[in-house]
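K.L.:
here are the coordinates; sequence isn't available:
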């Protein structure tokens with residue numbers, strides 16, 4: 001008997017895919033919104049495919065805002081866009097904690113990094 005593979009629905013294209021293939025956006029208990037690469041952060045989660053078109057559809061329709069019931073900061077969309085670009089270039093899903101993000105020549109991180117690596 002095969003083990004069940006958890007499925008989640010993308011908020012952009014509305015297709016069901018394996019949970020490990022998706023990017024999780026989570027509203028934490030304190031009301032902040034962040035990306036979750038471990039899948040274990042407490043809070044309400046929504047999933048997106050690592051596809052730029054899905055991100056555009058979800059942002060245009062405000063699907064993430066409706067699902068998480070809070071406004072989504074532009075920084076979260078920016079981080080999702082960065083991950084999509086790296087995924088498209090490399091052909092594999094790259095956790096954002098391995099991608100340095102800079103602003104005004106200072107290293108910043110608007111999303112807590114996970115302890116997992118590729």
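P.N.:
Looks like it arrived, so ask away. Just so we're clear, the structure is a prediction, and the values are computed from it rather than from any experiment. Numbers count the residues shown, from 1 in each chain.
K.L.:
ok, now how distant is residue 40 from residue 80?
P.N.:
Counting by CB to CB, to the nearest Å, the gap from residue 40 to residue 80 is 19 Å. To be clear about C-beta, it is placed using only N, CA and C from the backbone, and glycine gets the same treatment.
K.L.:
those two: who's more crowded?
P.N.:
Set residue 40 next to residue 80 and count neighbours by other CB atoms under 10 Å: residue 80 wins out with 24 against 9.
K.L.:
what sits against the more buried one?
P.N.:
23, 25, 35, 48, 55 (CB atoms under 8 Å, 6 or more residues apart in numbering).
K.L.:
closest one of these to residue 69?
P.N.:
residue 25 (12.4 Å; CB to CB).
K.L.:
residue 34: neighbour count?
P.N.:
19.
K.L.:
hang on, it packs against residue 28?
P.N.:
Yes: with contact defined as CB atoms under 8 Å, residue 34 counts as touching residue 28 (6.6 Å).
K.L.:
is the residue lying closest to residue 41 once chain neighbours are set aside in a helix, a strand, or coil?
P.N.:
Spatially, and ignoring its direct neighbours in sequence, residue 41 is nearest to residue 26 (5.0 Å; CB to CB, 6 or more residues apart in numbering). Recorded secondary structure, residue 26: strand (DSSP: H, G, I helix; E, B strand; the rest coil).
K.L.:
also the one 3 residues further on?
P.N.:
Residue 29 carries the three-state label coil when classified by three-state DSSP.
K.L.:
and it, how many neighbours?
P.N.:
Counted with other CB under 10 Å, residue 29 comes out at 10.
K.L.:
okay but it is in contact with residue 70, surely?
P.N.:
No: using CB under 8 Å, residue 29 is not in contact with residue 70; the gap is 11.9 Å.
K.L.:
with that, I have no additional questions.
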